[in-house]
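Undergrad: Sequence below, structure please.
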Amino acid sequence: MTDKLPWPVCLPEVCQQRITELLAGGGRKILGIVAPPGAGKSTLAQALLAQFGSAVQVVPMDGFHLANSELLRLGRSGRKGAPDTFDAAGYVSLLQRIQAQLAPEVVYAPEYRRELEEPVAGAIAIAPQTALIVTEGNYLLQGEMPWARVRGLLDEVWYLDVDDALRQQRLLQRHMQFGRSRERALSWIASTDQPNAVRIANTRYKADLCIAWD
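TA: Here you go, the predicted model:
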């Protein structure tokens with residue numbers, strides 16, 4: 001589920017400038033926001049929505065988590081959040097539809113609901129007149145297929161740089177908020193979130209813009 005903003009967020013000036021430039025170009029644009037888990041991707045996406053209103057719509061990558069039943073069948077439940085626990089090809093197809101969308105078509109996207117720990121199909125209605133789609137997720141810059149197709153569908157990609165200790169503290173709070181004990185949360189961060197974070201950080205150099213985000 002896309003996080004709501006519990007407090008005012010001050011957008012860095014460079015973000016405001018880049019969004020203004022993207023919107024000034026006309027036509028449909030797609031902005032990607034990438035960073036390791038807990039970096040604040042959803043918070044920045046929601047801050048952009050709050051700042052630019054109806055010109056922006058947020059479509060997170062997390063809606064393409066495989067269902068828990070499928071992860072169990074595949075033996076991947078203990079690695080939920082790794083690249084092969086998403087429907088990456090489905091995400092690429094959605095971005096292609098968004099890129100080519102014309103009125104009056106409405107494109108529907110799935111949304112991940114943290115309280116359910118499951119994706120919900122058709123939860124996000126993307127209007128054809130929306131100028132800027134903001135998609136945020138972990139693997140927008142990955143080099144292996146089919147993730148490698150994502151970068152070519154994005155007009156610009158931002159990478160969020162966050163202090164690692166702060167990011168892990170946010171993750172701990174999130175996991176505990178949604179039902180894990182402190183011990184289980186710390187174990188999950190060490191065994192799953194952190195290896196994924198290293199993989200994501202290795203793609204930082206491919207981003208158009210790196211933003212210090214605390």
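Undergrad: Please list the residues outside stretch 99-109 that contact it.
TA: With contact meaning C-beta atoms under 8 Å, 6 or more residues apart in numbering, stretch 99-109 is reached by 28, 30, 59, 63, 94, 97-98, 121-129, 153. Placement of C-beta: from N, CA and C, glycine included.
Undergrad: Helices of the chain, start to end?
TA: Secondary structure of the chain (DSSP state H): helices at 13-24, 41-52, 68-74, 88-100, 164-177, 182-188, 194-201.
Undergrad: Ok, which of the ones you listed comes nearest Arg149?
TA: In terms of C-beta to C-beta, the element of the helices of the chain nearest to Arg149 is helix 88-100, at 4.7 Å.
Undergrad: Now that closest one - C-alpha only, CSV.
TA: Only the C-alpha atoms of helix 88-100 are listed here, as CSV (Å, rounded to 0.1, in the frame of the first residue of the first chain):
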residue,chain,number,x,y,z
ALA,A,88,8.7,-8.3,-13.4
ALA,A,89,7.4,-9.0,-16.9
GLY,A,90,3.9,-7.9,-15.8
TYR,A,91,5.4,-4.6,-14.4
VAL,A,92,7.2,-4.0,-17.8
SER,A,93,3.9,-4.6,-19.6
LEU,A,94,2.1,-2.1,-17.4
LEU,A,95,4.8,0.6,-18.0
GLN,A,96,4.4,-0.1,-21.8
ARG,A,97,0.6,0.5,-21.5
ILE,A,98,1.1,3.6,-19.5
GLN,A,99,3.6,5.0,-22.0
ALA,A,100,1.3,4.4,-24.9
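Undergrad: chain center to it: distance?
TA: Its chain's C-alpha centre and that of helix 88-100 lie 14 Å apart, by C-alpha atoms, centre = their mean, to the nearest Å.
Undergrad: Give me the buried positions along that helix.
TA: Applying a neighbour-count criterion of 16 or more other C-beta atoms under 10 Å, the buried positions in helix 88-100 are 88, 91-92, 94-95, 98.
Undergrad: Mind putting those residues into a markdown table with distance to Trp147 and pLDDT?
TA: Below are the buried residues of helix 88-100 laid out as a markdown table (distance: C-beta to C-beta, whole Å; pLDDT from 0 to 100):
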| residue | distance to Trp147 | pLDDT |
| --- | --- | --- |
| Ala88 | 5 | 97 |
| Tyr91 | 8 | 98 |
| Val92 | 8 | 98 |
| Leu94 | 14 | 98 |
| Leu95 | 11 | 98 |
| Ile98 | 17 | 98 |
